[in-house]
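Enquirer: Below are the sequence and a predicted model for it; my questions follow.
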Amino acid sequence: MIPELRDILFLDIETVASTNDYATLDERIKTQWARKALFFKREREQTDEQIFHERAGIYAEFGKVICIAVGKFIETETGDLGLKTKAYYGDNETTLLCEFKSMIEKMDPVSLKLCAHNGKEFDYPYLCRRMLLNGIALPAALNIMGKKSWEVQHLDTLDMWKFGDYKHYTSLDLLASIFNIPTSKDGIDGSQVNAVYYQDNDLPKIKDYCVRDVVVLAQLFLKLKSVSPTSLTVRHSE
């Protein structure tokens with residue numbers, strides 16, 4: 001296996017609104033959400049509650065993590081490139097965040113590199129904020145406070161694709177399409193996660209979708225690095 005691939009941990013997270021019952025929110029939180037919702041009310045007439053169910057999940061202050069999927073390149077018994085995946089998921093956010101933290105703390109913090117799509121804008125800060133709000137000390141791999149930019153071992157496939165064009169956003173699904181990588185959007189996409197969680201009560205479906213995103217992410221990374229393995233064996237660990 002190429003040494004450059006050995007210490008990368010690919011990750012993707014799925015998030016939802018902190019509650020399905022807007023009425024139970026603390027009044028102070030409702031006030032803060034009303035201020036946030038003002039930015040969206042210009043688009044169409046909606047109540048704060050309607051916007052909360054649609055948008056709250058993308059903000060760490062108003063949402064929560066329900067799944068973290070990870071993937072790591074391995075060398076198979078035949079010497080080919082493989083990808084081992086695992087998902088941490090559940091209704092108890094504190095528990096899954098602690099499980100994820102325990103996993104990455106077993107890895108070498110010096111050589112470990114995290115990789116996500118749009119991770120610098122979403123996944124990494126969201127995880128950090130939710131850990132702190134759950135009273136969990138940040139693991140070294142995520143704690144970038146006081147670090148210089150060249151000391152941060154965070155990779156981002158969106159950043160890699162931008163080539164310095166900071167005004168340009170490209171979704172993981174679009175990049176998968178143009179690089180001819182099989183889609184992860186099989187029966188669900190990110191906009192449906194909140195409804196699948198709260199209305200359908202189908203967390204396993206969300207978990208499977210999150211894992212598929214990690215598989216796409218890893219394949220995209222190989223494309224961006226011009227690495228073309230003859231095959232990629234994916235193994236999921238429960």
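Expert: On my side now, so go ahead. Residues are numbered from 1 along each chain as shown.

Enquirer: drop to CA atoms for contacts and neighbour counts, all remaining ones
Expert: Noted.

Enquirer: Surely residue 66 forms part of a strand?
Expert: Yes: when DSSP: H, G, I helix; E, B strand; the rest coil is applied, residue 66 is found to be in a strand.

Enquirer: That one is in contact with residue 90, isn't it?
Expert: Yes: under the criterion of C-alpha atoms under 8 Å, residue 66 makes contact with residue 90 at 5.6 Å.

Enquirer: Neighbours of residue 45, how many?
Expert: Residues lying near residue 45 (other C-alpha atoms under 10 Å) number 10.

Enquirer: Give me the longest helix you can find in this protein.
Expert: Looking across the chain with DSSP state H, the single longest helix is helix 203-224.

Enquirer: Who are the contact partners of residue 235?
Expert: Applying C-alpha atoms under 8 Å, 6 or more residues apart in numbering to residue 235 gives the contacts 82, 83, 84, 85.

Enquirer: returning to that earlier point: quick one: average pLDDT of whatever helix or strand comes next after the longest helix of the chain?
Expert: Going down the chain from helix 203-224, the next helix or strand is strand 233-237, by DSSP states H and E. Strand 233-237 shows a mean pLDDT of 82.

Enquirer: And stretch 182-197, by the same measure?
Expert: 84.

Enquirer: cool, and stretch 16-29?
Expert: 95.

Enquirer: Mind listing what's buried along it?
Expert: 16, 17, 18, 19, 20 (16 or more other C-alpha atoms under 10 Å).

Enquirer: from the chain's centre, how far out does it sit?
Expert: Relative to the centre of its chain, stretch 16-29 is centred 23 Å away, using C-alpha atoms, centre = their mean, to the nearest Å.

Enquirer: Over to it now: how far is its first residue from its last?
Expert: 16 Å (C-alpha to C-alpha, to the nearest Å).

Enquirer: same question, stretch 12-32
Expert: End-to-end distance (C-alpha to C-alpha), stretch 12-32: 28 Å.

Enquirer: Which residues does the nearest residue to residue 99 once chain neighbours are set aside form beta bridges with?
Expert: Counting by C-alpha to C-alpha, 6 or more residues apart in numbering, residue 88 is the residue found nearest to residue 99 once chain neighbours are left out, at 7.1 Å. On the basis of DSSP bridges, residue 88 is bridged to residue 68.

Enquirer: Which pLDDT does the model give residue 88?
Expert: 97.

Enquirer: Contact partners for it?
Expert: So residue 88 contacts 67, 68, 69, 96, 97, 99, 100 (C-alpha under 8 Å, 6+ apart).
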